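sequence? don't have it. structure:
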């Protein structure tokens, strides 16, 4: 049956087969359903690649986006606009698009000229700040929204303030399978005469399969002719980070429980036709997910709609679908409850048949043929309504235009300075200088850089290898006898001191905090978290304000992931108070600073207060941070407006003479980072301008008109002397430039994706 539609061209955006994930399967099924029901509609796909080279896509995939490349999202928008697409349907889940919480997607959506309908596969009740911001932007950009459960609809309305009349509740589609006896198919799998339990889908620890394996011994006591089929490959991202350790752990658990002969692992990603056979052979389908915050489950929809008995934990989708006796719900993580309910069902054939028939009848409304019509009705409404947002508001680029000509990130010199031990401190011109060995300060800075680069999606394998090297150095620098970090190491790997400076300990904690807060590797998070926990208490005795500031920056990063850590919160409060007291003691009418001199890495002090004040809701702390930074920026501005950092040849004592040279790259980098934080906090574009001015210092907008950045090596010269630049390209300077460039790139992505109007004082 073919139906007419006023819409002529639709583009579906999301993961797509043969990529192995549930979203890819959903997008393919929806595409096929629409095409089969609406012969006059031209449908195409924009696919998201998570690997270099993409996948061997079918012909309907007309454009490919590289997940972490924000420019490719903008190119996709150009392609869709040129193609005169009538409507774009976006599969939305935070994990499939690049940028903070998938914010790169916004770079494409903002530039589209047609209605946009996101299908939300997950709606979070408690989003973090990045996730909330992405959702708020989506609500402004999109025309209508589609969800697959009442719970998701309610959350859109209550948490994200989406008007109910803009939301369409459409169930997850399912294939049309006959209502058959499972025994008819069991000989194909060699399980004739057995009770078959099934779980299928990508394997990952949140699926709770261990709980079923723990329930099996009890089930087998009464029904020894039972097998449990676990169908599906390990989630590709889990494989990339941890290999097959999770699957092997499940196999070991089955053996330890003495049930290995009753468990069948099918380690394959199967296409729909083969999946139908797995469903057909099933007597009881089990979804033992471990958390409730799952608003959609395709595997649940498939099995329920096919008339299978389902035992499930009460995550949101299951609670709705299996209500009123259409299935059985058990508590999370409760193997005894699973065993009890499975046994009760196996003993009661009439109950199982009633449950199957009820599910099958209910599932007729979920057939893809019916679901396709409901989506097309949603699309037709979107076409007539258009977006409520005035798109002209975003037609003019503002701050992000300034970033178009900044250099590409080049890691050649960073890699040249790095050996198997860590990053060397100094160089002779561009040649590593072994005489001065290594230090924890630089390896901590390098570790922060690689973690930010990984978040940016830059050269994944190269960056991951460097991250491991720098983590190993910082870990080795930790002395469990003192719970402090050593700093200087000779080239022959001999430590040159028993205890490193307070500043080096603060920088090490900063790097470890970034590991915990940002690294996608759980093993790295665990190692960093353990070291952070042991080293943090020592900072209570520190007396150096910069060490307080570095530690506060690290605590902020650490609390991004572990916000409930009472020790970290207590020490943040303590060090914030100390910085505030230092400011109150030293500052005066003409001296808005924390000490009686401006020395090195100055902007870190107000940076720490801006972060702490903002995220602990202390307006006075935030105000002091912004005031001190504004004063510092003024002191570091030349008469003609360019950035002029405090020189290290004497610094700047109160009531004394300011040193103009030697100007150091770490001053520019600290100022870039602090001003960007102030910009993110206040939405005042003047702070962005200050950050950009400090960044331009590297590129030649300085006292000598000389570029510190070397485009041939990717390194940075060691500073400005009176008549020349220092031609050596050491670690501190190179890292200062690369950190500044990376942070500017991250803000460029933010401006490109969010691109909200910003005015001073807003």
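Structure's in. What do you need? The structure presented is a predicted model; accordingly, all values stated were derived computationally and were not measured. Numbering: from 1, shown residues only.

low pLDDT regions in the chain?
For the chain, the stretches with pLDDT under 70 are 1-3, 386-405, 754-762.

Now with 80, please.
Applying pLDDT under 80 to the chain flags the ranges 1-5, 235-242, 269-273, 294-295, 385-405, 459, 751-762.

domains of it?
Listed by automatic domain parsing, the domain ranges of the chain are 9-173+369-394, 182-366, 399-753.

State the number of residues packed around residue 412.
13 (other CB atoms under 10 Å). From N, CA and C alone the C-beta is placed, and that goes for glycine too.

how close does it get to residue 442?
According to CB to CB, to the nearest Å, residue 412 stands 17 Å off from residue 442.

can you check residue 12 too?
Distance of residue 12 to residue 442, given as CB to CB: 48 Å.

What of residue 151?
50 Å.

So between the two, which is more surrounded?
A direct count of neighbours by other CB under 10 Å for residue 151 and residue 442 places residue 442 higher, at 25 against 21.

Run a quick check on the more buried one versus residue 735, I expect a contact.
Yes - counting by CB atoms under 8 Å, residue 442 touches residue 735, with 6.5 Å between them.

Overlap of the contact sets of the two?
residue 423 (CB atoms under 8 Å, 6 or more residues apart in numbering).

Of all the residues in the top helix by length along the chain, which ones are buried?
Assignment by DSSP state H gives helix 731-753 as the longest helix of the chain. Buried residues in helix 731-753, counting neighbours by 16 or more other CB atoms under 10 Å, are found at 731-753.

Same check on stretch 75-87?
75-77, 79-80, 85-87.

Restricted to helices, list the residues you listed.
Using DSSP H, these in helices are 75-77, 79-80.

Adding distance to residue 382, write those out as JSON lines.
Formatted as JSON lines, these follow (distance: CB to CB, whole Å):
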{"residue": "75", "distance to residue 382": "24"}
{"residue": "76", "distance to residue 382": "19"}
{"residue": "77", "distance to residue 382": "18"}
{"residue": "79", "distance to residue 382": "20"}
{"residue": "80", "distance to residue 382": "15"}
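
Now residue 301. Nearest residue, chain neighbours left out?
residue 172 (3.8 Å; CB to CB, 6 or more residues apart in numbering).

for the one you found, what are its contacts?
So residue 172 contacts 26, 148, 296-298, 301, 317, 366, 371 (CB under 8 Å, 6+ apart).

do you know how far residue 604 is from residue 113?
The value you get for residue 604 to residue 113, if CB to CB is used, is 45 Å.

Counting neighbours, go ahead and name the busier of the two.
residue 604 (26 against 11).

contacting residues around the more buried one?
With CB under 8 Å, 6+ apart, residue 604 has these contacts: 546, 549-550, 553, 670, 673-674.

With respect to residue 99, which of those is nearest?
residue 673 (19.2 Å; CB to CB).

burial measure for that closest one, as a count.
Based on other CB under 10 Å, the number of other residues close to residue 673 is 21.

Torsion angles phi and psi at it?
Note on residue 673: its backbone torsions stand at phi -60, psi -40 [degrees, to the nearest 10].

wait, it sits on residue 742?
No - the pair residue 673 / residue 742 is not scored as a contact, 10.2 Å apart, by CB under 8 Å.

For residue 49, give me its contacts.
For residue 49, the contact set (CB under 8 Å, 6+ apart) comprises 19, 55, 64-67.

Tell me the spacing between the closest residue to residue 57 other than its chain neighbours and residue 94.
Spatial nearest neighbour of residue 57, chain neighbours left out: residue 47 (5.8 Å); criterion: CB to CB, 6+ apart. Distance of residue 47 to residue 94, given as CB to CB: 18 Å.

for residue 182, same thing?
When distance is defined by CB to CB, residue 182 is 37 Å away from residue 94.

Check residue 15 too.
Distance from residue 15 to residue 94, by CB to CB: 13 Å.

any idea which helix or strand carries the closest residue to residue 561 other than its chain neighbours?
Distances taken as CB to CB, 6+ apart put residue 517 closest to residue 561, at 5.0 Å, once the chain neighbours are dropped. Using DSSP states H and E, the element containing residue 517 is helix 502-518.

how distant is that helix from the center of its chain?
20 Å (CA atoms, centre = their mean, to the nearest Å).

could you point out which element follows that helix?
As assigned by DSSP H and E, the chain's next helix or strand after helix 502-518 is helix 522-535.

just checking, what packs against the helix or strand following that next one?
Tracing the chain past helix 522-535, the next element assigned as helix or strand by DSSP H and E is helix 545-561. In terms of contacts (3 or more CB pairs under 8 Å, 6 or more residues apart in numbering; DSSP states H and E), helix 545-561 is packed against helix 502-518, helix 522-535, helix 566-586, helix 604-615.

try 7 Å
helix 502-518, helix 566-586, helix 604-615 (3 or more CB pairs under 7 Å, 6 or more residues apart in numbering; DSSP states H and E).

could I get those helices as JSON lines with distance to residue 357?
Output for these, formatted as JSON lines (distance: least, CB to CB, whole Å):
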{"stretch": "helix 502-518", "distance to residue 357": "51"}
{"stretch": "helix 566-586", "distance to residue 357": "54"}
{"stretch": "helix 604-615", "distance to residue 357": "54"}
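
The ones you listed: which one's closest to residue 655?
When these are compared for distance to residue 655 using CB to CB, the nearest one is helix 566-586, at 12.6 Å.

Partner strands of the helix or strand that that closest one is followed by and their direction?
As assigned by DSSP H and E, the chain's next helix or strand after helix 566-586 is strand 597-598. Paired neighbours of strand 597-598 in the sheet (DSSP bridges): strand 652-653 (antiparallel).

Now do the strands in the stretch 101-250 of the chain.
Ranges of strands in the stretch 101-250 of the chain, per DSSP state E, counting those that start in this stretch, are 116-120, 145-147, 167-169, 195-200, 226-231.

what's the answer for the stretch 651-762 of the chain, then?
Ranges of strands within the stretch 651-762 of the chain are 652-653, 709-710, 715-716, 719-720, 725-726, based on DSSP E, counting those that start in this stretch.

Of those, which is nearest residue 226?
Nearest to residue 226, of the strands of the stretch 651-762 of the chain and by CB to CB, is strand 715-716 at 64.4 Å.

Report the distance from the closest one to the chain centre.
Counting by CA atoms, centre = their mean, strand 715-716 comes out at 29 Å from the chain centroid.
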